[in-house]
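Peer 1: got a structure for you, letters missing:
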C-alpha cells in the first residue's frame, strides 16, 4: 500500500488588527492645518443651514418643515404631500449613493468632515478647550481634586454644553413644529407634554453623544464603520501612514543614519478624535478627519522635512512607495560595493510602476458605478418634483343607498374631499363626464370650489337618464383652473 506524501501546511504570518481604543478618557489636542480648515469650511455652512433654515420663510411658508398636523412637507417653496414620500426616498437614496461614491474614492470623509456626530463633537471639544484649557492642562487636572477655579470651569463647561444641546434640540424640533409657535409656547410655559418630552430627550442625546460618549458612537454605534471595508478597494484614498518612509522610528536626537522620518512624537495620536494611532494601519475607528495629517505636516515643517508622511494615500500608492524604497536600497547596496550600476533602469522601472499603479481614484469602475446611481436617482428626484402631487382627490359614494330612481333619472350621491399642495390652486371648476360621451349627466352641487376655506369636503349628486344607465359604469370628476387639470374616476350604479 502506497504511503501518502507528508506535506506540511505552510506557515503564514497574519498581522493582527490594531485594537480599538480603550474605555479610558482621553483629551483631544486641537491642531491647525489645511484639512482642519477644510473641515471647518464644510461644517460651519452646514451648521448655519441647520440653525438658519428653521427660521427662513418663502412666501410666508417655512423653507423646510415636516408638518404632520397638516400632512404637508415644505421644501424650499414646494409643498409636498405624503403621497410624495417616494421623492424623499429618492433624495435619501441619492444621498446614500453619494456617500458610497465618496467612500470608494476617499474613505470616511463624510464621517470626518460632515457627519453631525463629528461636527457636534468638535463643537463640544472647542467649548472644553476654551473653558478648561488645552488638552495637556485638562489631562493633568484629571488627577487633581475638583475645587476652586477648576470646579467652576468644569461647571461652566457643562452649562455651555447644556445650552448648546437645548439649542440643538429646539432647532431640530422646529423642523416639525413652527419654530415661532414652539418658542412662544416654551416662553409662556404653555408647551405640550409631548413637545417638552421630545426636546428633553433630544437635548440629552446631544449632550451624551457629543459631550460624554463621543468616539464610542463612531466605534460601537455607527454601522458605517462596520461595512466601510466592503466599500474600499486598492484605489481608495484614506488617511494612511507611509511606513516605507517613516520606519524605523527614532527620536530626533541620536537618530541613526537609517532612521525614518517619524520621530515618534505621538502628536498624531493626541489630535485624533477617536484616540487611535494611524501608524498601526487602516482601522475601523478612523474617521478620515485629517487631524493627524495636519499635526504630522506641522512637525515635518519644523524639522525641515518633506510633508506627506501621513496623507490620503491609496493602497496602490503605498505599494509603489514600498517598491521605490526597495529599489533605492538595492541601488545603494550596489554603490557601496563599488559595483558599476546604472540607476536609470531602476528609476525608469519605479516611474513605470508609479504611473501604472497610481491610477487616480476617479478611474475606478466602482466609483463610476456609484456616481451613475447618484446621477440617475437625482434626476429621478427632479423629475418627481416636476410631477409632484398638487391636488389630492378622495371620492366616496354614499353608503346609505347605492342609487336612487327619480322619475326618468337615476342618481348617485358622492362625497368629495380635496386637498391642494400648491399655493396657486385656489378656485377649481368642477366637471363630470361619463365613460360613454354621448350619455348626458347632470351635476348637482357647487360648480366652483374655493380651496382656501378650511372645509374642503363637498357633497355632489350626479343624475343620468334611466334609459341610458347600465348596472355599473364609470364616470370621471375633473377639476380645472387655467392650465391646471386633475381628475379622478368613480363608479355610477343603476338598476339591472
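Peer 2: Cool, the structure landed. On a predicted model such as this, the values are computed, not experimentally measured, just so you know.
Peer 1: look up how far residue 118 lies from residue 291.
Peer 2: 11 Å (C-beta to C-beta, to the nearest Å). Every C-beta, even on glycine, is put in place using the N, C-alpha and C of the backbone.
Peer 1: count the neighbours of residue 490 for me.
Peer 2: Around residue 490 there are 18 other residues, counting by other C-beta atoms under 10 Å.
Peer 1: so what's it up against?
Peer 2: Residue 490 sits next to 395, 397, 414, 474, 475, 476, 477 when contact means C-beta atoms under 8 Å, 6 or more residues apart in numbering.
Peer 1: please parse this structure into its domains.
Peer 2: 34-230, 231-362, 391-493 (automatic domain parsing).
Peer 1: of these, which shows the lowest average pLDDT?
Peer 2: Lowest mean pLDDT within the domains of the chain: domain 231-362, at a mean of 74.
Peer 1: buried ones from the contacts of residue 490, can you make that a ChimeraX selection?
Peer 2: Selection of buried members from the contacts of residue 490 for ChimeraX, criterion 16 or more other C-beta atoms under 10 Å:
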select :395,397,414,475,477
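Peer 1: could you dump the contacts of residue 490 into a markdown table with secondary structure and distance to residue 232 added?
Peer 2: Shown next, in a markdown table, are the contacts of residue 490 (DSSP: H, G, I helix; E, B strand; the rest coil; distance: C-beta to C-beta, whole Å):
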| residue | secondary structure | distance to residue 232 |
| --- | --- | --- |
| 395 | strand | 54 |
| 397 | strand | 59 |
| 414 | strand | 60 |
| 474 | strand | 57 |
| 475 | strand | 60 |
| 476 | strand | 56 |
| 477 | strand | 56 |
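Peer 1: quick one: which of the domains of the chain is nearest residue 371?
Peer 2: When the domains of the chain are compared by C-beta to C-beta, domain 34-230 sits nearest residue 371, at 5.3 Å.
Peer 1: pretty sure residue 157 belongs to a helix, no?
Peer 2: Yes: assigned with DSSP: H, G, I helix; E, B strand; the rest coil, residue 157 falls within a helix.
Peer 1: what about it, neighbour count?
Peer 2: 19.
Peer 1: check contacts around it.
Peer 2: With C-beta under 8 Å, 6+ apart, residue 157 has these contacts: 127, 128, 131, 132.
Peer 1: which of the residues you listed sit farthest apart?
Peer 2: Longest span within the contacts of residue 157, C-beta to C-beta: 127 and 132, 9.0 Å.
Peer 1: quick check: residue 30 touching residue 125?
Peer 2: Yes: Residue 30 lies in contact with residue 125 (C-beta atoms under 8 Å); the separation is 7.1 Å.
Peer 1: who's more crowded, the two?
Peer 2: Neighbour comparison, residue 30 and residue 125: the larger count goes to residue 125, with 19 against 16 (by other C-beta under 10 Å).
Peer 1: what about the residue lying closest to that one once chain neighbours are set aside, which helix or strand?
Peer 2: Nearest residue to residue 125 in three dimensions, chain neighbours excluded: residue 28, at 5.4 Å (C-beta to C-beta, 6 or more residues apart in numbering). Under the criterion DSSP states H and E, no helix or strand holds residue 28.
Peer 1: any idea how far residue 28 lies from residue 284?
Peer 2: 19 Å.
Peer 1: repeat that for residue 481.
Peer 2: Residue 481 sits 57 Å away from residue 284, going by C-beta to C-beta.
Peer 1: residue 432 too?
Peer 2: From residue 432 to residue 284 the distance is 64 Å (C-beta to C-beta).
Peer 1: how about the helices in the stretch 301-450 of the chain?
Peer 2: Using DSSP state H, counting those that start in this stretch, the helices found in the stretch 301-450 of the chain span residues 315-336, 343-357, 365-386.
Peer 1: cool, and the stretch 51-200 of the chain?
Peer 2: 85-106, 109-113, 116-132, 135-141, 148-173, 179-187, 193-206.
Peer 1: hey, which of the ones you listed is tucked in deepest?
Peer 2: Of all the helices of the stretch 51-200 of the chain, helix 109-113 has the most neighbours on average by mean count of other C-beta atoms under 10 Å, namely a mean of 23.
Peer 1: quick revisit: shared neighbours of residue 291 and residue 118, which are they?
Peer 2: By C-beta under 8 Å, 6+ apart, the residues touching both residue 291 and residue 118 are residue 273.
Peer 1: what count of nearby residues applies to the residue lying closest to residue 74 once chain neighbours are set aside?
Peer 2: Spatially, and ignoring its direct neighbours in sequence, residue 74 is nearest to residue 65 (4.4 Å; C-beta to C-beta, 6+ apart). As a burial measure, residue 65 scores 20 neighbours (other C-beta under 10 Å).
Peer 1: residue 388 versus residue 65, what's the distance?
Peer 2: Residue 65 is 16 Å from residue 388, by C-beta to C-beta.
Peer 1: and if you look at residue 185?
Peer 2: Taking C-beta to C-beta, one finds residue 185 at 32 Å from residue 388.
Peer 1: likewise residue 307?
Peer 2: 50 Å.
Peer 1: one more: residue 445?
Peer 2: 28 Å.
Peer 1: quick one: which of these two has more around it?
Peer 2: residue 388 (18 against 15).
Peer 1: is the residue nearest to residue 74 in contact with residue 175, as I believe?
Peer 2: Yes: if you go by C-beta under 8 Å, residue 65 and residue 175 touch, sitting 5.8 Å apart.
Peer 1: phi and psi next, for the residue lying closest to residue 154 once chain neighbours are set aside.
Peer 2: Closest residue to residue 154 apart from its sequence neighbours, by C-beta to C-beta, 6+ apart: residue 146 at 6.1 Å. The phi and psi values for residue 146, taken as degrees, to the nearest 10, are phi -70, psi 110.
Peer 1: can you pull the contacts of residue 468?
Peer 2: Residue 468 touches 436, 439, 440, counting by C-beta under 8 Å, 6+ apart.
Peer 1: contacting residues for the last one?
Peer 2: In other words, residue 440. By C-beta under 8 Å, 6+ apart, the neighbours of residue 440 are 464, 465, 468.
Peer 1: residue contacts, the first one?
Peer 2: With contacts taken as C-beta under 8 Å, 6+ apart, residue 464 has the following neighbours: 409, 410, 411, 434, 439, 440, 441, 442, 492, 494.
Peer 1: skipping its backbone neighbours, what lies nearest the fifth one in space?
Peer 2: Nearest non-adjacent residue to residue 439, counting by C-beta to C-beta, 6+ apart: residue 468, 4.6 Å away.
Peer 1: any figure for the gap between the one you found and residue 460?
Peer 2: Taken as C-beta to C-beta, the span from residue 468 to residue 460 is 19 Å.
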